[in-house]
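> coords below, sequence missing:
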């Protein structure tokens, strides 16, 4: 009697951090629900090594710094699937790799973890607030609260630990990361997108496989959530068109809404000067089926309103190299938290 061989477990690549392993474990469970066994394969990236060594990433091209090692392993056949925080993905495609699925998104908003459970508005002027994101820093400075925005790096535990030890009064993080590792009880405030727009793709996961792996493409496409994919496509189109990269103070959020012609996307975006003193905020709506087009047109309108001037201002700040104490260029560009 002939027996059908058992398919080998799918090798799912993940970074070694708690958050990355938790995210990858979530995708692994989704794949198991499709009837396939999965094993996690830990991959160390240059970004992980620099974090462990305490080496700042400021001044280096960090978009994709946590992605390239996983993609290299994927192309080398060492793993079958890679899982990333979608906001870490470069906006340009990688030859030989397909973004096969974007599962349903976690809440994309930013949150505050502060001493004594305070909100940003309740912190005294001069309070030290840590963030590794120029986007967050610029938007918080634009609120005019008189807070001292300082750079912070490391994983979620180490960042929150700086608040618990009294070194910082608060830190700002992505809500999605805390939700995935069951740390939402640490949150003292969820920031309204009217005040602080998240990073493009924040809260979403990206599932990639080799383009020529027809079996994986067919299997993993079942994990894709079309509304989440449409939203992040619009947000990434904004980013790609503005050519801001992950260092630029650019925030954007696309949401699926009921419109006059059916299901539509509502996309909001902001580009700021490094200190938050100047900002261009616009929004647009359009059909879900034209997600990238909606994002592109919105970004083009922002460029016409002077967004390129704000990006140029940021680049000048980042390239000064004069040892100034300006917060924006010092903020590391690691945005996995």
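Received, thanks. All of these numbers come straight from a predicted model, not from anything done at the bench.

> How about the contacts made by the nearest residue to residue 275 once chain neighbours are set aside?
In space, and not counting its chain neighbours, residue 275 is closest to residue 141: 5.7 Å by Cβ to Cβ, 6 or more residues apart in numbering. Heads up, the C-betas are built off the backbone N, CA and C, glycines and all. With contact taken as Cβ atoms under 8 Å, 6 or more residues apart in numbering, residue 141 is in contact with 147, 149, 275, 276, 277, 327.

> The first one: neighbour count?
If you count neighbours by other Cβ atoms under 10 Å, residue 147 ends up with 21.

> hang on, isn't it packed against residue 129?
Yes. Using Cβ atoms under 8 Å, residue 147 and residue 129 qualify as a contacting pair, with a distance of 4.9 Å.

> quick one: contacts for residue 301?
For residue 301, the contact set (Cβ under 8 Å, 6+ apart) comprises 282, 284.

> Now name the helix or strand holding it.
helix 291-304 (DSSP states H and E).

> Please tell me how far residue 210 sits from residue 74.
Relative to residue 74, residue 210 is positioned 6 Å away (Cβ to Cβ, to the nearest Å).

> what residues do the two have in common as contacts?
Common neighbours of residue 210 and residue 74 (criterion: Cβ under 8 Å, 6+ apart): 80, 97.

> Give me the more crowded residue out of these two.
In this view residue 210 and residue 74 are compared by other Cβ under 10 Å, and residue 74 has more residues nearby, 23 against 20.

> Relative to residue 233, how far out is the more buried one?
Applying Cβ to Cβ to residue 74 and residue 233 gives a distance of 21 Å.

> so which helix or strand takes in the residue lying closest to residue 160 once chain neighbours are set aside?
Distance criterion Cβ to Cβ, 6+ apart; nearest residue to residue 160, sequence neighbours excluded, is residue 113 at 5.4 Å. When elements are assigned from DSSP H and E, residue 113 belongs to strand 110-114.

> Can you give me the first-to-last residue distance of stretch 128-146?
End-to-end distance of stretch 128-146 (Cα to Cα, to the nearest Å): 10 Å.

> That should have said stretch 193-202, apologies.
Separation of the first and last residues of stretch 193-202 by Cα to Cα is 12 Å.

> cool, stretch 106-120 as well?
In stretch 106-120, first residue to last residue: 23 Å (Cα to Cα).

> and it, which residues are buried?
Buried residues in stretch 106-120, defined by neighbour count with 16 or more other Cβ atoms under 10 Å: 106, 107, 108, 109, 110, 111, 112, 113, 114, 118, 120.

> Identify the residues contacting the residue lying closest to the first one once chain neighbours are set aside.
Across the structure, with Cβ to Cβ, 6+ apart as the measure, the residue nearest residue 106 apart from its sequence neighbours is residue 176 (3.6 Å). For residue 176, the residues meeting the contact criterion (Cβ under 8 Å, 6+ apart) are 105, 106, 107, 108, 202, 203.

> now the strands for the stretch 1-150 of the chain?
Along the stretch 1-150 of the chain, counting by DSSP state E, counting those that start in this stretch, strands occupy 10-14, 38-42, 81-85, 97-101, 110-114, 128-130, 148-150.

> So for residue 156, which of these sits nearest?
When the strands of the stretch 1-150 of the chain are ranked by proximity to residue 156, the top entry is strand 110-114, at 9.1 Å, counting by Cβ to Cβ.

> packing partners for that closest one?
When contacts are defined as 3 or more Cβ pairs under 8 Å, 6 or more residues apart in numbering; DSSP states H and E, strand 110-114 sits against helix 156-164, strand 170-174, helix 175-180, strand 189-190.

> still on that earlier bit, of the buried residues of stretch 106-120, which is the nearest to residue 287?
Once Cβ to Cβ is applied, the member of the buried residues of stretch 106-120 that ends up nearest residue 287 is residue 108, at 21.1 Å.

> so who does the closest one touch?
Going by Cβ under 8 Å, 6+ apart, residue 108 touches 174, 175, 176, 198, 202, 203, 204, 253.

> secondary structure class for the fifth one?
By that I understand residue 202. Classification of residue 202 using DSSP: H, G, I helix; E, B strand; the rest coil returns coil.

> How about the contacts made by it?
Contacts here follow Cβ under 8 Å, 6+ apart; on that basis residue 202 touches 86, 87, 108, 110, 174, 176.

> Not counting its neighbours along the chain, what's nearest it?
residue 108 (4.4 Å).

> excluding its backbone neighbours, what's nearest residue 89?
Using Cβ to Cβ, 6+ apart and skipping the chain neighbours, the partner closest in space to residue 89 is residue 206 (5.4 Å).
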